[in-house]
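Asker: coords please:
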Amino acid sequence: MLQAYINIFAIFALMFLGYFLSYKQWFNNQVADAFSKLVLNLALPFNMFLNMTENFSRDEFLSLFSGMIIPLLSMAATFLISLLYRRLFHISKTRQGTFSTMFTCSNTIFIGLPINLAVFGEKAIPYVLLYYIVNTTFFWTIGIYTMAQDNPEIEQQRLSFHPVVLLKKVLTPALMGFIIGLLWVMTTRPVPSFLQNFGGYLADLTTPLSMFIIGIIVYSNGLANLKFNKDILGVLIGRFVISPLIVWGLGFVFPVPALMLSVFMIQSSMPVQNSIPILARNYQADEDYAASSLGYSVLLYMIYIPILLKIIL
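Answerer: Presented below is the predicted three-dimensional model:
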């Protein structure tokens, strides 16, 4: 347990370093964009590929997808609860869609992957990706649709999801790295040493760059600009209480390996998606509300995660 806390502290130290270097003007939003591209298009795909080929056999993988029912049902239930919550607690009409998306969707990669690696090691990565697949699919379909509803002037035809566009959003380079790794596992052939070494160097960039990105985002939003209100409190309740409780309850209905359930609980309780403020601006929703929710969820997560680990480990 102590080692897990030390590992997590190191993760957040990287985030604070990213914040400090942004303050020193080493980093800015353009650097964050470049880091995001490096992580999502190079580091993370190789990370997924190598972990699949190094940590799983064909038989082990075939039993993996049985657990996907839990993130599917948990996210559906969390979203429905968000609809009830915003009605009961009178969430502002110009924030309701953004509220439901933040209430339901997790930051499964930029924070979720490093935290799970710090706590469980590389054996957790396939389970991280299972939750990521469901989370990403939900976010780019129902999540974006509901966010767009916050702008009363938006035209309905702008919200139609072309199958090709949706497929590009869901079939990310990270997921393709996973799929290629899966196909390689099925062949039972060893990965060439050059590919292991080259990919390993890139894969090692995933955690530091991801946390630098979060540090840059927190600095860019500005700690002084964070405004707390009851609508943000609702998001925090959804992220840190309701979502992991639903996953925990589903674990009794659908028995899965203990590690898988623990990873799902951590993934379900991650802070708000880091792209939410950008998308809120794009759809002319409440950008300040989205940015404040992101900032508070990231900062409070440092207090929350040791409590969650104490409960589940």
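
Asker: so which strand or helix has G97?
Answerer: helix 96-104 (DSSP states H and E).

Asker: which helices and strands sit right next to the helix or strand that comes right after that helix?
Answerer: Toward the C-terminus, helix 96-104 is succeeded by helix 112-120 as the next helix or strand (DSSP H and E). Helices and strands touching helix 112-120, by 3 or more C-beta pairs under 8 Å, 6 or more residues apart in numbering; DSSP states H and E, are helix 2-23, helix 125-138, helix 206-221, helix 258-268. Any C-beta I mention is one placed from the backbone N, CA and C, and that applies to glycine too.

Asker: Any idea which of the ones you listed gets closest to F46?
Answerer: Smallest distance to F46 across the helices and strands packed on helix 112-120 (C-beta to C-beta): 8.6 Å, for helix 206-221.

Asker: The closest one to helix 112-120, inter-axis angle?
Answerer: Computed by axes from the mean of the first three to the mean of the last three C-alpha atoms, to 10 degrees, the angle separating helix 206-221 from helix 112-120 equals 130 degrees.

Asker: what is the rounded mean pLDDT of helix 206-221?
Answerer: Helix 206-221 comes out with an average pLDDT of 88.

Asker: Could you export that helix as PDB, CA atoms only?
Answerer: This file holds the C-alpha atoms of helix 206-221, laid out as PDB (Å, rounded to 0.1, in the frame of the first residue of the first chain):
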ATOM      1  CA  THR A 206       3.200   8.000 -21.900                       C
ATOM      2  CA  THR A 207       3.200   8.800 -18.200                       C
ATOM      3  CA  PRO A 208       5.400  11.900 -18.000                       C
ATOM      4  CA  LEU A 209       3.900  13.600 -21.000                       C
ATOM      5  CA  SER A 210       0.300  12.800 -19.900                       C
ATOM      6  CA  MET A 211       0.900  14.400 -16.500                       C
ATOM      7  CA  PHE A 212       2.700  17.400 -18.100                       C
ATOM      8  CA  ILE A 213      -0.400  17.900 -20.200                       C
ATOM      9  CA  ILE A 214      -2.700  17.900 -17.100                       C
ATOM     10  CA  GLY A 215      -0.300  20.400 -15.400                       C
ATOM     11  CA  ILE A 216      -0.400  22.700 -18.400                       C
ATOM     12  CA  ILE A 217      -4.200  22.500 -18.500                       C
ATOM     13  CA  VAL A 218      -4.600  23.400 -14.800                       C
ATOM     14  CA  TYR A 219      -2.200  26.300 -15.200                       C
ATOM     15  CA  SER A 220      -3.900  27.600 -18.400                       C
ATOM     16  CA  ASN A 221      -7.300  27.500 -16.800                       C
END
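
Asker: now it and helix 2-23, what's the angle there?
Answerer: Interaxial angle, helix 206-221 versus helix 2-23 (the same axes, to 10 degrees): 50 degrees.

Asker: And the next helix or strand past helix 206-221?
Answerer: Counting by DSSP H and E, the next helix or strand C-terminal to helix 206-221 is helix 230-237.

Asker: ok, V256 - how many residues close by?
Answerer: When neighbours are counted by other C-beta atoms under 10 Å, V256 registers 20.

Asker: That should have said L261, apologies.
Answerer: Neighbours of L261 (other C-beta under 10 Å): 21.

Asker: And the pLDDT at it?
Answerer: So, for L261, pLDDT stands at 95.

Asker: pLDDT averaged over the helix holding G97 - what is it?
Answerer: Averaged across helix 96-104, pLDDT comes to 96.

Asker: Now find how far off-centre it is within its chain.
Answerer: How far helix 96-104 lies from its chain's middle: 15 Å, per C-alpha atoms, centre = their mean, to the nearest Å.

Asker: Kindly report the same for stretch 193-205.
Answerer: With C-alpha atoms, centre = their mean as the basis, stretch 193-205 stands 23 Å off its chain's centre.

Asker: For the helix holding G97, which outside residues touch it?
Answerer: Here helix 96-104 makes contact (C-beta atoms under 8 Å, 6 or more residues apart in numbering) with 75, 78-79, 81-83, 85-86, 91, 138-139, 143-150, 231, 234-235, 238-239, 242-243, 272-273, 276, 280, 285-286, 289-290, 293-294, 297.
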